[in-house]
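K.L.:
kindly return the folded structure for what I paste below:
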Amino acid sequence: MRTLKFHCLKCADCCRDLLKTVRIEGTMFQEGLHLYPEEVKKLKNLAYQYEGEVTIRPKWKASSTNKVIAYQLVNHSCPFLRENVCRIYSKRPLSCRFYPRTSWGSIDSSCRWVKKHGVDKPLKEGEITIVSRQLHEAFKKVSSKLYELILKNAPRRQLILYDFKGKKKTTIDAKKFLNRYRSDNR
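P.N.:
Next up, the predicted model:
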């Protein structure tokens, strides 16, 4: 097994291409940057402060309550990026802190660092570990937040997933997803 330490190359590609194609339970669709409910108001306030425009839509809803569990920023590129620099770096969303991991726990294969180190190629289970204190801490926060939000708001444990246009794409078993997510990302 090889261990790699993630270092951002500061190319800002991840900020210029927020919409990603994902395959979940056999359904392919595009989704925006993952946001937690408490990040939405903060991001809207920052957009107002920096004279940017953000478009935010629901990403995951509990099927039994229709309560939004997660949102998505659906701008094609980040409104806070100027000359390859994030103007809200210290206040950026957890998904940005968690990068190159996605909200589904996988590695974003379009990341230049990931390509440079060959992590974008198919790997056998346990073949590679990407370590970074920042990435590890962000994952712990994201993982805890996912569990808390889903367990609290989706009593029947079914999540409805929406694409970046707000169209319902599929429904998944949240418990199965959380168990797979947890085991894939230890």
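K.L.:
by mean pLDDT, point me to the weakest helix or strand of the protein.
P.N.:
Sorting the helices and strands of the chain by mean pLDDT, DSSP states H and E puts strand 128-131 at the bottom, at a mean of 53.
K.L.:
I'd guess T170 is in a strand, am I close?
P.N.:
Yes. Counting by DSSP: H, G, I helix; E, B strand; the rest coil, T170 falls inside a strand.
K.L.:
for it, give me the pLDDT.
P.N.:
On pLDDT, T170 comes in at 85.
K.L.:
this structure: helices as residue ranges?
P.N.:
Assigned by DSSP state H, the chain shows helices spanning 13-16, 37-49, 94-98, 112-116, 133-153, 174-184.
K.L.:
which strands and helices sit next to the third one?
P.N.:
What that stands for is helix 94-98. Counting contacts by 3 or more Cβ pairs under 8 Å, 6 or more residues apart in numbering; DSSP states H and E, helix 94-98 is packed against strand 33-35, helix 133-153. Just so you know, the C-beta spots here come from the backbone N, C-alpha and C atoms, and that holds for glycine as well.
K.L.:
in terms of mean pLDDT, which of those ranks lowest?
P.N.:
helix 133-153 - the lowest mean pLDDT of those, at a mean of 65.
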